[in-house]
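J.: below is the sequence, then the predicted model.
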Amino acid sequence: MNLNTEKKLFIEIGKENLILGVGKYDDELNFKVIEKNIFENSGFKNGEIEDIEMSVNDLKKALENIEKKTNFVFKEANVISSFSDLESINVCGFKKLNGNQILSEDISYILNDLKSRISEVENNKAIIHLFNTEFILDQKLIKNLPIGLYGDFYSHQLTFFLIKNNEINNLKKLLNNCNLNLDKIIS
């Protein structure tokens, strides 16, 4: 199956409703919503799972309905939620270049190093999003990744968004009970 034309399931856990949406990419890679349904959610409170059994029942009913309408059985879902305990951390990594060229391997090293340090320090939380915030080469703010440029000192600022592991585990349990895997979390 061509991944670009595969239908994608989005589940938005709202404060009062459970919204399921299905979309897919067209031939020009534009994403189009092809189905959307809104359901009451009795197992959720303020966008979070409060009663797992009721949440599973709510999602199963909604999933069954949308799978009938789209004539497609979903294996994974993207979850949209406004987590009340979402945290963000800004960190900066650097590399002394000593007049050398900055390579993609240098940037990958900085990213992976910062990710592992955040994971060590915040071991009860999971990274759900990561954004490149600033690229600074020799004390000058650069608009894009400076791969291929020469300099003496490179600094890379990142913003990490984290949620508690319990929240991820609850989402995974909810989805697994509905025969779905978690693809992405969108906040």
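T.: Perfect, thanks for sending it.
J.: C-alpha only now, for contacts and for neighbours.
T.: OK.
J.: partner strands of the lowest-mean-pLDDT helix or strand in the chain, with direction?
T.: Least confident helix or strand, the chain: strand 44-45 with a mean of 78, by mean pLDDT, DSSP states H and E. Its sheet considered, strand 44-45 pairs with strand 48-49 (antiparallel) by DSSP bridges.
J.: contacts for the partner strand?
T.: Here strand 48-49 makes contact (C-alpha atoms under 8 Å, 6 or more residues apart in numbering) with 13, 15, 43, 55, 83, 170-171.
J.: of the residues you listed, which belong to strands?
T.: Among the contacts of strand 48-49, the members falling in strands (DSSP state E) are I13.
J.: could I get the contacts of strand 48-49 as a markdown table with pLDDT?
T.: A markdown table is the format used below for the contacts of strand 48-49 (pLDDT from 0 to 100):
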| residue | pLDDT |
| --- | --- |
| I13 | 84 |
| K15 | 77 |
| G43 | 78 |
| S55 | 87 |
| F83 | 72 |
| N170 | 89 |
| L171 | 89 |
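J.: quick check on the contacts of strand 48-49: which are buried?
T.: 13, 43, 55, 83, 171 (16 or more other C-alpha atoms under 10 Å).
J.: quick check, the fourth one in contact with G47.
T.: What it means is F83. Yes - contact criterion C-alpha atoms under 8 Å: F83 and G47 qualify, at 7.1 Å.
J.: ok so, going back, between the buried ones among the contacts of strand 48-49, which is nearest P146?
T.: F83 (34.0 Å; C-alpha to C-alpha).
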